[in-house]
Each structure stands twice: as structure tokens, then as C-alpha cells.
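# quick one: sequence and predicted model below, then my questions.
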Amino acid sequence: MTRQERYKYILDYYRVKMPRVSTELEFGSAFQLIVSTLLSAQCTDKRVNQITPELFRHYPTAEAMAAVEPEDVYPLIKSVSYPNAKAQHLVGMARMIVNDFGGELPDRTEDLIKLPGVGRKTANVLQAVWFGKATMAVDTHVYRVSHRLGLVPKTADTPYKVEQELLKNIPEADVPNAHHWLLLHGRYICTSRMPHCAECPFDSFCPKLFENSKLK
């Protein structure tokens, strides 16, 4: 099966299986989405969704979070990974949104990545989920699945290179959904250590490109 045939099969499958899909993070505003996305770095969405209701009860807006110190935020997020750094980033991000962008989340990638703790992946999540733009956020799941299913060449050895390969091969209208399709496939089926190949709808043509795996 050629690479283009792989793309067609996988995209056709998910267009029917998951025509409407979005992030599993829970949020009520653009600010709450960026907070949740930042907290989800190297942490599960389930854990983030457990702590954000109380966090947003105290600090529902950028203005509210900008008015406090990181040590005020820390107790509410201490169960996520790297809570000290994330508390610093959250308050710094909120202050920049208030001071530099009038309290509104900017919609340009070049502005989003200026915010403390926000890299290209987080910026692309915001662009796709909140602003509806055709951006491809490449997290560890998307990176892994793209390589394992043979959607990208081995030379695509950085998240940015994977992003560019996916954007070249996925129709623009499908891009916002495709991020979630690949992410969820990696999160629940094509898992890192023990992939559930028997449950995979693509197992019949999967090249099983598993790094450091006993599966060949």
C-alpha cells in the first residue's frame, strides 16, 4: 500500500467513525482552553479535567489569574506534572494576555508562542480548537502514530517535520479533525509500550514501525 493509499484509507475511516471530534479537555472560554492545554503537557487530560473546575472557580479569566502570584495557583495544580513551572507559566501568561493583548487571547501563532509556557504545539491546538484554523498540533501521540503507520518518512524526525508532512497530505478541511483522530488513536489503541493491535482498524496494512519494540 502506498503512502497516499494509507492516508486515504485512514481519513475515510475516521470521516465516518468520528465526523465530529474535539479535544477531551474541558473548558468554557479561550483562556480556559489555553490554561488546560498548558497543564496537559506531559500529563493526562483526565488529570487536568479533575483539577480545572476548582482552578477556574478561583481564576476563570486572564484578569483574575493575572492578579495573583504563582504560589497562589500552585496548590490548585500541584497534582499535575511540573506544577512549580506551570504555576509560573500560567500567571506569566495571564499577565501578558492582559497587558499586551487587552485581555483577549491572540489568534496569530507568532503572538501565541510569545506567551510563557506556550510552544508551537499548544499554539496549534488553540488555532484549531478555538479559532477553527487548519493547523496540525503534533504531540507525542501524533508523532508516534504518524511514524508507526508509515504516514511520514523516517527523515521526519522532529515534530515540525511531521507537522509539515501531515499538512502536505491531509486535505485542509480535515486537518483540525485529523489531529484529534491521530491523537486518540495513539492514546487508546496505538499506545506507546503495549499497542492494542488486535483492536486497530489499520492492523492489516500497518508496517508496525515500532521503535524499541518486540513487535516487528
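Sure thing, it's come through. Just so it is clear, the model here is predicted, and its values are computed rather than measured.
# quick one, helices of this structure?
Taking DSSP state H to define them, one finds helices in the chain at 3-17, 30-39, 45-58, 62-66, 70-77, 83-101, 109-112, 120-129, 140-148, 159-169, 175-188.
# to residue 202, which of the ones you listed lies closest?
helix 3-17 (6.3 Å; Cβ to Cβ). C-betas here are computed from N, CA, C, even on glycine.
# hmm, who's touching the closest one?
1, 21, 149-151, 169-171, 174, 177-178, 181, 201-202, 205 (Cβ atoms under 8 Å, 6 or more residues apart in numbering).
# out of those residues, name the ones that lie in strands.
For the contacts of helix 3-17, not one is inside strands, with DSSP state E as the criterion.
# got the CA coordinates for stretch 141-151 in PDB?
Once side chains and other backbone atoms are set aside, the C-alpha atoms of stretch 141-151 remain, and they are given as PDB (Å, rounded to 0.1, in the frame of the first residue of the first chain):
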ATOM      1  CA  HIS A 141       0.800  10.600  20.200                       C
ATOM      2  CA  VAL A 142       0.500  12.200  16.800                       C
ATOM      3  CA  TYR A 143       4.300  11.900  16.300                       C
ATOM      4  CA  ARG A 144       4.300   8.200  17.200                       C
ATOM      5  CA  VAL A 145       1.300   7.200  15.200                       C
ATOM      6  CA  SER A 146       2.400   9.100  12.100                       C
ATOM      7  CA  HIS A 147       5.600   7.100  12.100                       C
ATOM      8  CA  ARG A 148       4.200   3.800  13.100                       C
ATOM      9  CA  LEU A 149       1.500   3.800  10.400                       C
ATOM     10  CA  GLY A 150       4.000   4.900   7.800                       C
ATOM     11  CA  LEU A 151       2.300   8.300   7.100                       C
END
